[in-house]
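# got a structure for you, letters missing:
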């Protein structure tokens, strides 16, 4: 016990050391370069935008800073989890670990697919997405971000590894419910409960997966790897044997990369909504789509319209095609008119694309409506595929899936400068706020000091879980998976748990969803009143 106390004391002494001036200088240069890159590219994109209102640019600046502030606070929590094990096993010096983790977080963000970002957006009420440039749309975005920042800051202050994923999902549900309650007429959408349930299951199950899998992995390692050094706590401030140290650094690297590829996307999706709402001419449509791809889009639009014709009822009638398809997305109620409206919208989109030749040639006054047409077509096809209604023949389903890829390529894109800005915000947040969460994960979950095998088992479990969630486009909490993984290894090792910390973690886990829902719902109501 005395050895454990001495080891912990030596780690805490390291945590209090200030980073070297050379390291700070290098980080400052990298930060300045990244900010310059993001700003230059943003200004380049805006150079073709014609607006006489300075209000749009002011709103854009405030919204972007708020969204990056969310990612900055996210860095306090989730990125700090990745370095806790290498610090508490003396595998890396604290500031080296933070920089190392930050670099691979950056790579994870930059190389991410964007699937998680747009999975988050699909939870939002459809009419708010279609009117994101309106007062209601901006009230939604600001309510989500401000609520998440407030809750994350509060839990960080008390050293609780709260989940930014959990917080953001709760905020989205809160805004959806508030939007439904505030509707003057019935039929306004609130929450996509089916999608929310799927994401909620992921967030609820992931801590259990982390606990059980990390415990089993530790027991498996004990059965297969006889080296006793792997199951011992560090002594003094000596680093572990080289192969163990390499393993721990490798797992830290994997968690950092996986975290960037998953959690970094949450802010990206909201930033894209902000850009679409304030400067749709530049960001509503993907101008990187080539002329050849645009012509292919026209051809697959014709194929998709012909395919949908097979499922149109002769008795179907429509009013406004987009309104009818939007109603289907909002209510999930399919009727014969829905298919006719969808086919009409697909035909209209294809005809317009043939007229404009390329996405970058779509007129500024038509861009928001054209994007909204593409968005509702994509969402309707997604819901039809998911519900199985109507039951498309396999060949027809293949045609429609190919068509949807072209639509998503036109609307679901993330510029590289957005990824760089998010990665920098995450990294800077880690630099500023990592200590509180590292101390909790490293020394306050179990009664004994973290062993090398426990750190590796927890992080390998986190890599696998986050990687799987990223593959399926589902958000998952790095915090929940890793902290529950550490708890699982402590239980499997009979090290004992500090139930006060575990109780606080569980309280944060249980309270995050309702607290963020209430906070975001109230803020949405408040911002709507202000913008009315």
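Okay, I see it. Since this is a predicted model, take the numbers as computed values, not measurements.
# from now on I want contacts and neighbour counts done on CA atoms only, so please keep to that.
OK.
# which one's the longest helix in the protein?
helix 242-278 (DSSP state H).
# just checking, what packs against that helix?
Helices and strands touching helix 242-278, as assessed by 3 or more CA pairs under 8 Å, 6 or more residues apart in numbering; DSSP states H and E, comprise helix 54-74, helix 80-88, helix 94-110, helix 115-121, helix 135-157, helix 280-283, helix 416-443, helix 452-471.
# tell me the buried residues in it?
Judged by neighbour count (16 or more other CA atoms under 10 Å), helix 242-278 contains these buried residues: 244-245, 247-278.
# pLDDT on that helix, on average?
For helix 242-278, mean pLDDT rounds to 82.
# give me the distance from that helix to the chain's centre.
9 Å (CA atoms, centre = their mean, to the nearest Å).
# start the count at 7 instead of 1 going forward.
Sure thing, new numbering starts at 7, so read that last one as helix 248-284.
# where does residue 174 land on pLDDT?
82.
# surely residue 525 is in contact with residue 148?
No - proximity of residue 525 to residue 148 does not meet the contact threshold set by CA atoms under 8 Å, at 11.8 Å.
# any common contacting residues for the two?
Counting by CA atoms under 8 Å, 6 or more residues apart in numbering, no residue touches both residue 525 and residue 148.
# how near is the nearest residue to residue 76 once chain neighbours are set aside to residue 462?
Nearest non-adjacent residue to residue 76, counting by CA to CA, 6 or more residues apart in numbering: residue 155, 5.4 Å away. Distance from residue 155 to residue 462, counting by CA to CA, to the nearest Å: 31 Å.
# which of these two has more neighbours?
Taking other CA atoms under 10 Å, residue 155 and residue 462 do not tie; residue 462 has more neighbours (28 against 23).
# so what's the more buried one up against?
By CA under 8 Å, 6+ apart, the contact list for residue 462 reads 91, 253, 254, 257.
# pLDDT score assigned to the first one?
Note on residue 91: pLDDT of 75.
# what of residue 84?
61.
# one step back: now the two most distant members of the contacts of residue 462.
Maximum pairwise distance in the contacts of residue 462, criterion CA to CA, is 11.3 Å, between 91 and 253.
# how about low-confidence regions in the stretch 207-356 of the chain?
209, 242 (pLDDT under 70).
# same for the helix or strand containing residue 182, what does it pack against?
Using DSSP states H and E, the element containing residue 182 is helix 170-187. Helices and strands touching helix 170-187, by 3+ CA pairs under 8 Å, 6+ apart, are helix 141-163, helix 199-230, helix 505-537.
# repeat the analysis, applying 7 Å as the threshold.
Judged by 3 or more CA pairs under 7 Å, 6 or more residues apart in numbering; DSSP states H and E, the packing partners of helix 170-187 are helix 141-163, helix 505-537.
# starting at the chain centroid, how far to that helix?
Distance, centroid of helix 170-187 to centroid of chain: 14 Å (CA atoms, centre = their mean).
# ok, stretch 42-62 next?
That offset, for stretch 42-62, works out to 25 Å (CA atoms, centre = their mean).
# what's it in contact with?
Contacting residues not belonging to stretch 42-62 are listed as 284, 287, 288, 423, 424, 426, 427 [CA atoms under 7 Å, 6 or more residues apart in numbering].
# apply 8 Å and report the result again.
284, 285, 287, 288, 423, 424, 426, 427.
# could you report the separation of the last one from residue 489?
With the distance defined as CA to CA, residue 427 ends up 27 Å from residue 489.
# picking that back up, possible to save the contacts of residue 462 as JSON lines with distance to residue 334?
Listed next are the contacts of residue 462 as JSON lines, based on distance: CA to CA, whole Å:
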{"residue": "91", "distance to residue 334": "48"}
{"residue": "253", "distance to residue 334": "51"}
{"residue": "254", "distance to residue 334": "50"}
{"residue": "257", "distance to residue 334": "45"}
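# what is the nearest of these to residue 535?
Closest to residue 535, out of all of the contacts of residue 462 and judged by CA to CA, is residue 91, at 46.8 Å.
# what's the closest one in contact with, if anything?
254, 258, 448, 456, 461, 462.
# identify the farthest-apart pair in these.
Applying CA to CA across the contacts of residue 91, the maximum distance is between 258 and 456, 14.7 Å.
# residue contacts, residue 531?
Neighbouring residues of residue 531 by CA under 8 Å, 6+ apart: 184, 188.
# so which of the helices and strands packed on helix 170-187 is the most surrounded?
Most buried of these by mean neighbour count (mean count of other CA atoms under 10 Å) is helix 141-163; its value is a mean of 22.
# what packs against it?
Right, helix 141-163 is packed against helix 60-80, helix 132-136, helix 170-187, helix 248-284, helix 422-449, helix 505-537 by 3+ CA pairs under 8 Å, 6+ apart.
# try it again at 6 Å.
In terms of contacts (3 or more CA pairs under 6 Å, 6 or more residues apart in numbering; DSSP states H and E), helix 141-163 is packed against helix 170-187, helix 505-537.
# within the helices and strands, which one has residue 96?
Using DSSP H and E, residue 96 falls within no helix or strand.
# based on its surroundings, how many neighbours for it?
23.
# residues in contact with it?
Taking CA atoms under 6 Å, 6 or more residues apart in numbering, we find residue 96 in contact with residue 245.
# tell me how far it lies from residue 150.
Using CA to CA, residue 96 is found at 39 Å from residue 150.
# kindly check the end-to-end length of stretch 281-290 for me.
Using CA to CA, first and last residues of stretch 281-290 are 8 Å apart.
# A helix includes residue 317, no?
No - applying DSSP: H, G, I helix; E, B strand; the rest coil, one finds residue 317 to be coil, outside a helix.
# from residue 310, how far out is the closest residue to it other than its chain neighbours?
Distances taken as CA to CA, 6+ apart place residue 345 nearest to residue 317, at 6.9 Å, with adjacent residues excluded. Distance of residue 345 to residue 310, computed by CA to CA: 12 Å.
# so what sits against both of these two?
With CA under 6 Å, 6+ apart, residue 345 and residue 310 have no common neighbours.
# let me see the confidence value for residue 19.
With respect to pLDDT, residue 19 has a value of 65.
# so what's the residue most central in space within the chain up against?
In the chain, the centroid-proximal residue (CA atoms, centre = their mean) is residue 272; its distance is 2.4 Å. Taking CA under 6 Å, 6+ apart as the criterion, residue 272 is in contact with residue 123.
# ok, 7 Å please
Contacts for residue 272 (CA under 7 Å, 6+ apart) come out as 122, 123, 126.
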